[in-house]
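> Got a predicted structure plus its sequence, pasted below:
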Amino acid sequence: MQIPPGKKIYFSSDNHLGAPTPAESLPREKKFVRWLEEIKHDAAAIFLLGDLFDFWFEYKTVVPKGFVRVLGKLAELRDSGIPIYFFVGNHDLWMGDYFEKELNIPTYRQPKEFTFNDKLFFVGHGDGKGPGDMGYKRMKKVFENRVFNWLFHWFHPALGMKIAQYLSVKNKLISGEEDKKFLGEENEWLALYAKRKLETKHYDYFVFGHRHLSMQIEVGENSTYFNLGDWITQYTYGVFDGEHFELKEFKG
């Protein structure tokens with residue numbers, strides 16, 4: 001994609017809407033909607049890099065209650081012609097085809113390459129990548145297993161949602177509470193993952209979420225890893241203007 005003059009690419013992740021309660025989450029949802037409204041005038045594309053919801057599971061004819069403000073705004077932006085790309089995170093990895101069918105927003109389960117103005121990006125949520133984190137990696141295999149997914153569908157939504165929301169908040173392997181401390185540039189596991197990727201191919205930018213820590217780390221010659229932070233306490237996002245990528249904080 002060649003970014004038109006005056007346009008930008010925006011990136012955000014880790015809103016965890018619905019946590020810890022819908023009432024407490026509502027002000028954050030409204031703030032995110034204000035951000036979407038603010039950027040719509042110059043957005044060439046918007047990337048949502050996972051954990052938009054603290055929990056999401058799609059039954060055949062049922063989706064989680066709530067989130068009408070953000071879903072309505074995404075529908076509005078997409079209908080206006082702005083491309084939006086969604087990458088599932090560890091909290092909304094049970095995303096089905098709802099976004100694609102209802103909002104016309106493509107959904108990705110693995111990191112993906114994009115080229116903007118001759119700059120090569122590697123973009124994804126970031127969970128389960130890099131060294132370590134073996135407990136979560138094992139759990140993720142269970143959650144992504146089609147048999148487990150099929151069995152969970154047979155829970156009544158009222159029970160299934162209650163169980164999953166409890167685990168989403170209480171289970172540290174899912175919630176990521178153990179991963180919210182900066183490990184140092186030499187030990188950040190997504191930076192190490194980026195360095196390994198550079199052994200086989202050059203990327204100008206690696207952009208991930210999941211860590212809930214906004215950060216910028218040089219991982220190679222003319223190659224930088226960015227983490228987007230979150231929309232819980234930091235309200236940070238990434239923006240690429242066609243030449244440079246930077247992290248910003250939304251204060252609106």
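It's in.
> following the lowest-mean-pLDDT helix or strand in the chain, which helix or strand comes up?
Taking mean pLDDT, DSSP states H and E as the measure, the chain has helix 172-175 as its least confident helix or strand, at a mean of 44. Next helix or strand after helix 172-175 toward the C-terminus (DSSP states H and E): helix 189-198.
> For the next helix or strand after that following helix, which helices and strands make contact with it?
Note on helix 189-198: by DSSP H and E, the next helix or strand toward the C-terminus is strand 205-208. With contacts defined as 3 or more C-beta pairs under 8 Å, 6 or more residues apart in numbering; DSSP states H and E, strand 205-208 has these neighbours: strand 119-123, helix 189-198, strand 223-228. Every C-beta, even on glycine, is put in place using the N, C-alpha and C of the backbone.
> Quick one: work out the angle between the shortest one and strand 223-228.
When you say that, I think you mean strand 119-123. 40 degrees (axes from the mean of the first three to the mean of the last three C-alpha atoms, to 10 degrees).
> List the contacts of strand 119-123.
The contact list for strand 119-123 (C-beta atoms under 8 Å, 6 or more residues apart in numbering) reads 11, 47, 49, 85, 87, 111-115, 194, 197, 202-208, 240.
> Now do that strand: distance to the chain's middle.
15 Å (C-alpha atoms, centre = their mean, to the nearest Å).
> ok, back up a step: just the buried ones out of the contacts of strand 119-123, please.
Among these, those buried by neighbour count (16 or more other C-beta atoms under 10 Å) are 11, 47, 49, 85, 87, 111, 114, 194, 197, 203-208, 240.
> Now flag whichever of these is closest to Gly184.
Ala194 (15.0 Å; C-beta to C-beta).
> how about that closest one, what does it touch?
122, 203, 206, 219-220, 223, 225.
> how about those in CSV, adding distance to Glu100 and pLDDT?
CSV is the format used below for the contacts of Ala194 (distance: C-beta to C-beta, whole Å; pLDDT from 0 to 100):
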residue, distance to Glu100, pLDDT
Phe122, 22, 98
Tyr203, 26, 98
Phe206, 25, 98
Val219, 32, 98
Gly220, 34, 96
Ser223, 32, 98
Tyr225, 29, 98
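> how about Asn104, what does it touch?
Asn104 is in contact with 78-79, counting by C-beta under 8 Å, 6+ apart.
> Check it and give its pLDDT.
Confidence at Asn104, expressed as pLDDT, is 97.
> quick one, phi psi at it?
With angles defined as degrees, to the nearest 10, Asn104 sits at phi 60, psi 40.
> again with Val68
phi -70, psi -30.
> Distance check, it against His202.
Per C-beta to C-beta, to the nearest Å, Val68 is found 43 Å from His202.
> now Gly252
Gly252 is 36 Å from His202, by C-beta to C-beta.
> shaky segments in the stretch 51-200 of the chain?
132-145, 147-179 (pLDDT under 70).
> and if we set it to 50?
Low-confidence segments of the stretch 51-200 of the chain, defined by pLDDT under 50: 172-178.
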